[in-house]
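Visitor: Generate coordinates for the sequence data below:
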Amino acid sequence: MKYLDFDLVHKLVKSAIREDLGDKDWTTEIFVSRKLGGESLIVSREAGVVAGLPMVKDVFGYVSRKVRVDYLKEDGGRIDVDTAVARVTGPLHSILKGERVALNFLGHLSGIASKTRQFVDRVESLPVKIMDTRKTLPTLRVLEKYAVRCGGGVNHRMNLTEAIMIKDNHLEAVDYDWKRIANRLKKVRGKEIIIEIDRLSMIEKGIELNPNVILLDNMTVEQVRNAVAQVRASKKKIQIEISGRVTLATVLDYARTGADRISIGAITHSAPRFDFSLEMSPKRK
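Guide: Numbering: from 1, shown residues only. Here you go, the predicted model:
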């Protein structure tokens with residue numbers, strides 16, 4: 001299982017259940033006996049990659065200690081249509097209260113993992129990393145980046161602290177004063193330095209800064225190919241990242257340019273929700 005911060009999981013689960021439950025689940029209170037138990041299966045309705053099973057366990061565990069969740073698949077595993085990924089047993093009264101929150105987490109994270117895996121599979125023959133971005137839902141970044149890892153992707157910086165990333169607006173702020181930028185970077189210690197380049201005329205200046213990574217933003221495949229050639233010719237140990245314009249239809253062409261990594265915001269901000277259902281089997285006396 002990929003590492004996940006369970007302290008954060010508990011906080012998110014608690015907040016999500018309070019949001020969904022309100023003061024009371026009146027429908028369940030009225031129609032479902034507290035004495036009625038049974039077994040439920042969480043079943044996929046499409047093929048993809050599962051992610052978020054620890055969230056499911058935490059949701060039901062928070063609702064009631066009498067509910068048990070057994071994993072039938074592991075996060076990061078591929079699943080087919082009608083695959084049972086978890087078994088939930090215990091009081092149906094409690095299972096119903098946690099059902100929607102559990103499926104929301106599971107569907108959202110599995111959608112990201114599945115989308116990521118599509119990109120990873122498309123370039124599997126090449127030594128390039130598929131990476132995420134910071135285009136995530138507020139407060140859910142840790143979970144969404146966990147889902148990216150489950151899909152075979154690699155995490156970009158988690159937050160603004162983790163790297164020095166000089167983007168176009170930063171360059172505008174210093175009026176593209178490359179000497180000033182170089183002097184400021186000399187003071188940086190222990191941080192990855194990434195500089196975003198959005199036109200070929202800036203490549204030479206970017207190389208002179210000797211960053212860890214040059215990020216080629218919104219360039220065509222041909223422009224990227226030319227930029228890669230310039231960076232490689234410098235003999236400097238600079239990684240090349242591509243971002244922008246990358247889709248499932250174009251990712252292989254971009255990967256063939258010789259870049260080291262491709263960051264794709266769509267794997268988090270545009271991943272469709274994965275479809276799961278909870279199939280309940282009451283045990284009546």
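Visitor: CA only for contacts and neighbour counts going forward, please
Guide: Noted.
Visitor: pLDDT value on residue 285, please?
Guide: On pLDDT, residue 285 comes in at 61.
Visitor: What residues of the helix ranked longest in the chain count as buried?
Guide: Secondary structure of the chain per DSSP state H: the longest helix is helix 92-122. Judged by neighbour count (16 or more other Cα atoms under 10 Å), helix 92-122 contains these buried residues: 92-120.
Visitor: next SSE after that helix?
Guide: Going down the chain from helix 92-122, the next helix or strand is strand 129-131, by DSSP states H and E.
Visitor: State the mean pLDDT of that following strand.
Guide: pLDDT averaged over strand 129-131 gives 98.
Visitor: List of residues touching that strand?
Guide: With Cα atoms under 8 Å, 6 or more residues apart in numbering as the test, strand 129-131 has contacts from 116, 119-120, 153-156, 260-264.
Visitor: Farthest-apart pair in those residues, please.
Guide: 116 and 260 (16.9 Å; Cα to Cα).
Visitor: can you pull the contacts of the closest residue to residue 102 other than its chain neighbours?
Guide: What sits nearest to residue 102 in space, not counting adjacent residues and going by Cα to Cα, 6 or more residues apart in numbering, is residue 56, at 4.8 Å. Residue 56 sits next to 69, 102-103, 105-106 when contact means Cα under 8 Å, 6+ apart.
Visitor: pLDDT weak spots in the chain?
Guide: 1-2, 284-285 (pLDDT under 70).
Visitor: how does it divide up, domain by domain?
Guide: 6-120+272-283, 123-269 (automatic domain parsing).
Visitor: Correct me if wrong: residue 149 contacts residue 143.
Guide: No: counting by Cα atoms under 8 Å, residue 143 is not a contact partner of residue 149; they are 9.9 Å apart.
Visitor: returning to what we had before: with just CA atoms, put whichever strand or helix holds the residue nearest to residue 102 into PDB.
Guide: Applying DSSP H and E as the criterion places residue 56 in helix 53-63. Presented in PDB, the C-alpha positions along helix 53-63 are these (Å, rounded to 0.1, in the frame of the first residue of the first chain):
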ATOM      1  CA  LEU A  53      -9.900   1.700   0.400                       C
ATOM      2  CA  PRO A  54      -8.300   3.100   3.600                       C
ATOM      3  CA  MET A  55     -10.800   5.900   3.500                       C
ATOM      4  CA  VAL A  56     -13.600   3.400   3.200                       C
ATOM      5  CA  LYS A  57     -12.400   1.500   6.300                       C
ATOM      6  CA  ASP A  58     -11.900   4.800   8.200                       C
ATOM      7  CA  VAL A  59     -15.400   6.000   7.300                       C
ATOM      8  CA  PHE A  60     -17.200   2.900   8.500                       C
ATOM      9  CA  GLY A  61     -14.900   2.700  11.600                       C
ATOM     10  CA  TYR A  62     -15.800   6.200  12.500                       C
ATOM     11  CA  VAL A  63     -19.600   5.600  12.100                       C
END
